[in-house]
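Everything below, folded, please.
(chains A and B)
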Amino acid sequence: MIEPRTLKGFRDHLPAQALARERLLDVARRVYRSYGFAPIDTPALEYLDVLTGKGSAETDKQLYRFEDHGGRQVGLRFDLTVPFARFAAQHVGVLGTPFKRYHMATVWRGENTQRGRYREFMQCDFDTIGTTSAVADMETVLVVHDLLVALGIGRFTIRVNDRRILGGVLRTLGLADRATDLLRSLDKLGKLPPEGVVAEMVGHGAPEEAAARLVSMAGLSGGSAEVLGAVAALVGDDPVGREGVEAVRALVDGVTRAGVADGRVVVDPSIARGLDYYTGIVLETFLDELPTLGSVCSGGRYDDLAGLYTKQKLPGVGASLGIDRLLAGLEELGRVSAAETAAEVFLVHFDAAHLGDYLRIAAALRADGMGVEFFPEPRKLGQQLKLAGKRGFRVALVIGGDEFARGTAQLKNLATEQATTIAWNGDLRALVDAIHSHLEAIRSGH
RNA sequence: GUGGCUGUAGCUCAGUUGGUUAGAGCACCAGAUUGUGGUUCUGGGGGUCGCGGGUUCGAAUCCCGUCAGCCACCCCA
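Numbers count the residues shown, from 1 in each chain, chains lettered A, B, ... in the order given. From the prediction side, this is the model:
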């Protein structure tokens, strides 16, 4: 016997979990489309040179790579942004700009696993390319906002910053040459005490006073106007840094005008993001109830990503929803339904002699738009009801010999165990309508 | 990739200083009840004690390795 097992970081998805996942995907799809983003897809496997050197040294190490049967060096995509850059460079001609797309697909990273962190997981990206308009930046934040609201996640915070601010501050402090190391240290605020971060920066060659100023800036909290004012002071006359400050100011102003509630979007000067390709605004999204889960939706502006594949200037901005991480979080919060069925109606296989009637009834209910499972075997009624309840059906439809004789049907609410008798006298339309309205009532009652 | 903790039935866990046929609750199946599920009663199936090796008369228990999970580093969705 071969032991049934899965690779580390690769998982099976049982119905309850897969259904929850599909619900998230449905919501994401709806929100993306509501802003005009169009779906695309790309291959899971790419030529290795398309993927390497685009994210960071780290993502190169995490890349699943191998030689295919034709001796080609290939790799599995580790995110959806890099393949999109290739896609955009290859197809701009027919797409035209600006171009907005969403892409929901599986990606692979050969890194160590942890809670909410797997080797195979799904991302739901949306990006706008071909424009540097601040509107595109605003929409990126608005989509993330609408998405989390639509998912019913009450408490979350979108933290925004701009790479240019960080660069400007570093230049003003004379630390531009140490940017990567210092930003990495800065990212540890919240994990390490401020003194610890300063010490680490000094280790990277920064003067203590400069490091302390950097850390105090990143630790700023409060209203966005306040934080931006303090940041602006640190940026000084650096022109690029000022652009960043203005970009964030405009961003916050725009989303506020669009109706985003106070506190949902905050300016956080410590958000740096690891991926090297970001050039403008950056954002991360945290569940207030599970801050240690990490960001469930991150992104930013990258103004020269496609430059690796084409001479044409293709600026872009977008974000990525990590639905597997989000799902892990929702599960932990007990917010994932235990239902194992997507259908609402369980049709009891009562009397094998009436098989034809059952099939006809099931077909009529489905034609009306309801999901119906007709149990394949005429097992004992108790057993069928037990299974139906366990799987999470809303109602069981019981029609046995007695009911057929009387022209009635019994509709049982599986949650409350209450049964209602429906009189239909062989009029299929009447039966369907009655069940339909009962279901509506049950749904709205929840 | 590095370090720490953990690994007994599908799930949650017992298992005395290593001692003979490894237990419980829940879940599952069958019956009490050939037309009504989440209560009750009775019975039943199911465990290479993660895997491999070592120490020992004897290992679930001690040692080493390995795999997996969690946590931290790193990075990130």
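
Using the three-state scheme, assign the residue nearest the centre of chain A.
Residue closest to the average C-alpha location in chain A (Cα atoms, centre = their mean): A:Leu321, at 2.7 Å. Secondary structure, DSSP: H, G, I helix; E, B strand; the rest coil: A:Leu321 is strand.

residues touching it, list them.
Contact partners of A:Leu321, counting by Cβ atoms under 8 Å, 6 or more residues apart in numbering, are A:28, A:123-125, A:144, A:147, A:296-297. C-beta here means a position set from N, CA and C on the backbone, and glycine is covered the same way.

just checking, A:Asp238 touches A:Gly168?
Yes - in this structure, A:Asp238 is within contact of A:Gly168 by Cβ atoms under 8 Å, at 3.8 Å.

what about stretch A:246-259, distance to the chain center?
Computed by Cα atoms, centre = their mean, to the nearest Å, the separation of stretch A:246-259 from the middle of its chain amounts to 23 Å.

Now that we're looking at A:Ala364, what pLDDT does it have?
At A:Ala364, the pLDDT value in this model is 97.

what's the neighbour count on it?
Look at A:Ala364: counted by other Cβ atoms under 10 Å, it has 16 neighbours.

Please report how far the spatially closest residue to A:Thr81 that is not a sequence neighbour lies from A:Val144.
The shortest distance from A:Thr81 to any non-neighbouring residue, by Cβ to Cβ, 6 or more residues apart in numbering, is to A:Asp125 (6.4 Å). Per Cβ to Cβ, to the nearest Å, A:Asp125 is found 12 Å from A:Val144.

Find residues that contact each of the two.
Joint contacts of A:Asp125 and A:Val144 (Cβ under 8 Å, 6+ apart) are A:319, A:321.

Between these two, which is the more surrounded one?
Neighbours were counted for A:Asp125 and for A:Val144 using other Cβ under 10 Å; A:Val144 has more, 28 against 24.

Next up, identify which helix or strand that one is on.
Assigned by DSSP states H and E, A:Val144 belongs to helix A:134-150.

quick one, which of A:Asp238 and A:Gly168 is more surrounded?
Each of A:Asp238 and A:Gly168 has its neighbours counted (other Cβ under 10 Å); A:Gly168 has more, 26 against 21.

quick revisit: buried set for the helix holding A:Val144?
Buried residues in helix A:134-150, defined by neighbour count with 16 or more other Cβ atoms under 10 Å: A:134, A:136-149.

what's the answer for stretch A:427-440, then?
Buried residues in stretch A:427-440 (16+ other Cβ under 10 Å): A:428, A:431-432, A:434-435, A:438-439.

Rebuild these as JSON lines, extending it with distance to RNA strand B and pLDDT.
Formatted as JSON lines, the buried residues of stretch A:427-440 follow (distance: Cβ to the nearest atom of the strand, whole Å; pLDDT from 0 to 100):
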{"residue": "A:Leu428", "distance to RNA strand B": "19", "pLDDT": "96"}
{"residue": "A:Leu431", "distance to RNA strand B": "15", "pLDDT": "97"}
{"residue": "A:Val432", "distance to RNA strand B": "20", "pLDDT": "97"}
{"residue": "A:Ala434", "distance to RNA strand B": "16", "pLDDT": "96"}
{"residue": "A:Ile435", "distance to RNA strand B": "16", "pLDDT": "96"}
{"residue": "A:His438", "distance to RNA strand B": "14", "pLDDT": "94"}
{"residue": "A:Leu439", "distance to RNA strand B": "15", "pLDDT": "94"}
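
Would you state the strands of the stretch 51-200 of chain A in chain order?
A:65-67, A:73-76, A:99-108, A:120-129, A:156-162 (DSSP state E, counting those that start in this stretch).

Pairing partners for the fourth one, with directions?
When you say that, I think you mean strand A:120-129. Strand A:120-129 has its sheet partners listed here by DSSP bridges as strand A:99-108 (antiparallel), strand A:316-322 (antiparallel).

what's the average pLDDT for that strand?
On average, strand A:120-129 scores 94.

and RNA strand B, which of the strands paired with strand A:120-129 is closest to it?
Closest to RNA strand B of these is strand A:316-322 (Cβ to the nearest atom of the strand; 2.4 Å).

what comes up buried for the helix or strand just after the closest one?
Later in the chain than strand A:316-322, the nearest helix or strand by DSSP H and E is helix A:323-332. Neighbour counts over helix A:323-332 (16+ other Cβ under 10 Å) mark A:323-330 as buried.

Who are the packing partners of helix A:323-332?
Contact here means 3 or more Cβ pairs under 8 Å, 6 or more residues apart in numbering; DSSP states H and E; on that basis helix A:323-332 packs against helix A:15-34, strand A:120-129.

Indicate which one of those is closest to A:Thr256.
helix A:15-34 (19.5 Å; Cβ to Cβ).

How about the closest one and RNA strand B, touching?
No - against RNA strand B, helix A:15-34 shows no contacts by Cβ under 7 Å from any atom of the strand, the least distance being 12.2 Å.

From the chain's centroid, how far away is that helix?
9 Å.

Can you name every helix or strand that it contacts?
Using 3+ Cβ pairs under 8 Å, 6+ apart, helix A:15-34 sits against strand A:99-108, strand A:120-129, helix A:134-150, helix A:323-332.

Is it correct that A:Ala328 is in contact with A:Gly116?
Yes - using Cβ under 8 Å, A:Ala328 is in contact with A:Gly116, at 4.0 Å.

joint contacts of these two?
Counting by Cβ under 8 Å, 6+ apart, the contacts common to A:Ala328 and A:Gly116 are A:Leu293.

Under the pLDDT cut-off, which ranges of chain A? List them.
A:1-2, A:53-58, A:190-191, A:273-276, A:446 (pLDDT under 70).

which one of the buried residues of helix A:323-332 is nearest A:Glu284?
Each of these was scored against A:Glu284 by Cβ to Cβ, and A:Arg325 proved nearest at 12.1 Å.

how near is the closest one to A:Leu290?
Counting by Cβ to Cβ - A:Arg325 and A:Leu290 are separated by 10 Å.

Skipping its backbone neighbours, what lies nearest the closest residue to RNA strand B within the stretch 301-446 of chain A in space?
Proximity of the stretch 301-446 of chain A to RNA strand B (Cβ to the nearest atom of the strand) peaks at A:Gly389, 1.5 Å away. Nearest residue to A:Gly389 in three dimensions, chain neighbours excluded: A:Leu414, at 4.7 Å (Cβ to Cβ, 6+ apart).

For the stretch 251-400 of chain A, which segments are assigned as helices?
For the stretch 251-400 of chain A, the helices defined by DSSP state H, counting those that start in this stretch cover A:323-332, A:355-367, A:381-391.
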